[in-house]
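S.K.: How does the following fold in three dimensions:
(one chain, ligands or ions: 1)
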Amino acid sequence: MQTINRLEDLRKAVDALKIGGKTIAFVPTMGALHEGHLTLVREARARADHVVASIFVNPRQFGPTEDLDAYPRRMAADAALLEAEGVAVLWAPTVDQMYPRGYATNISVSGVSDVACGASRPGHFDGVATVVCKLFNQVRPDVALFGEKDWQQLAVIRRMARDLDLTQPYADDIIGVETVREASGLAMSSRNQYLTAQERDQAAQMSAAMRRAIAAIEGGAELEQSLDTMKAEILAAGFTSVDYGDLRDADTLETLFEWGGRKARLLVAARIGAARLIDNMSVG
Ligand code: PAF
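M.R.: Numbering: from 1, shown residues only. I've put the predicted structure just below:
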């Protein structure tokens with residue numbers, strides 16, 4: 001595996017990987033890799049001749065009071081994991097490479113970015129859309145893989161790819177991979193490291209409450225009542241607050257006031273200890 005920090009070197013490496021019409025699958029990450037990321041890499045290997053992964057803790061997607069400085073960074077251990085999974089190139093740019101002096105462009109995907117996590121993290125999805133667009137232009141992949149754990153992020157990136165007519169990758173080649181969970185049901189996340197052992201047990205109850213709500217909604221229970229019960233159960237489990245717990249259209253993320261059998265997603269964000277955890281599941 002080649003680890004590359006300079007854009008000119010990445011361009012040469014990507015050109016070399018593409019010789020003979022070979023394809024590239026891309027897995028962008030912020031590092032602190034866990035089984036969820038490695039699942040993306042394995043899926044990427046099944047979809048293309050070569051895998052390129054990136055590690056870049058993107059400052060533009062963190063708010064001024066968020067955990068940019070505390071965000072776990074373990075480049076050497078992450079690189080070893082990626083190499084063991086058969087990644088060809090690790091793209092690990094510096095902040096100056098990504099945003100050189102004079103950098104001035106922002107990509108903002110309105111609508112889908114403004115609700116749920118976008119409402120409580122202003123500017124977050126602009127930062128995500130901007131860096132992912134740049135990463136796509138740098139790596140020029142045939143296919144890119146993202147975890148469904150960040151469902152809203154996936155929706156924003158797909159919307160951006162459609163709206164900007166991206167071709168590397170095309171919007172249809174932006175693949176969502178099912179959330180990887182611990183045996184307890186807790187969705188894997190780099191931010192789970194902020195939890196104590198007790199909080200980890202409590203956090204696992206969020207997914208259980210979500211599953212009960214989905215069973216109720218699919219069984220015909222009143223939506224608002226089902227969501228209220230779910231939020232109360234999450235608080236009773238030890239979470240200090242629930243930022244949101246909504247049923248939304250799976251693509252546009254519009255709020256649904258009744259399910260009506262459509263392709264929908266239950267999205268939750270809640271705080272426990274030092275962590276703000278998100279999770280989502282399909283309904284229907
Ligand atoms: O999901 C992440 O790790 C990040 O938001 C991403 C997509 C790598 C952009 O920084």
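S.K.: could you give the mean pLDDT of the host helix or strand of residue 53?
M.R.: Taking DSSP states H and E as the definition, one finds residue 53 inside strand 50-55. Mean pLDDT, strand 50-55: 99.
S.K.: chain center to it: distance?
M.R.: 16 Å (C-alpha atoms, centre = their mean, to the nearest Å).
S.K.: Give me the contact list for the very next helix or strand once past that strand.
M.R.: Using DSSP H and E, the helix or strand that follows strand 50-55 towards the C-terminus is helix 75-84. Helix 75-84 is contacted from outside by 1, 3, 29, 31, 32, 33, 38, 41, 53, 55, 90, 92, using C-beta atoms under 8 Å, 6 or more residues apart in numbering. All C-beta atoms are positioned from the backbone trio N, CA, C, and that covers glycine.
S.K.: outside of the strand holding residue 53, which residues touch it?
M.R.: 14, 17, 22-31, 41, 44-45, 75, 78-79, 82, 85-93, 135, 139, 141.
S.K.: and the angle for that strand with helix 75-84?
M.R.: 170 degrees (axes from the mean of the first three to the mean of the last three C-alpha atoms, to 10 degrees).
S.K.: Buried residues in strand 50-55, which are they?
M.R.: Across strand 50-55, burial judged by 16 or more other C-beta atoms under 10 Å covers 50, 51, 52, 53, 54, 55.
S.K.: Identify the residues contacting the residue lying closest to the third one once chain neighbours are set aside.
M.R.: It stands for residue 52. The shortest distance from residue 52 to any non-neighbouring residue, by C-beta to C-beta, 6 or more residues apart in numbering, is to residue 89 (4.6 Å). Taking C-beta under 8 Å, 6+ apart, we find residue 89 in contact with 1, 2, 3, 4, 10, 13, 14, 17, 50, 52, 53.
S.K.: From the residues you listed, keep the buried residues only.
M.R.: Members of the contacts of residue 89 classed as buried by 16+ other C-beta under 10 Å are 1, 3, 4, 10, 13, 14, 17, 50, 52, 53.
S.K.: ok, the residues you listed vs residue 200, which is closest?
M.R.: Nearest to residue 200 out of the buried ones among the contacts of residue 89 is residue 53 (C-beta to C-beta; 26.7 Å).
S.K.: Near the ligand, which residues of the stretch 151-284 of the chain are found?
M.R.: When proximity is defined by C-beta under 6 Å from any ligand atom, the stretch 151-284 of the chain lies next to the ligand at residue 153.
S.K.: returning to that earlier point: strands - which of the buried ones among the contacts of residue 89 land there?
M.R.: For the buried ones among the contacts of residue 89, membership in strands holds for 3, 4, 50, 52, 53, with DSSP state E as the criterion.
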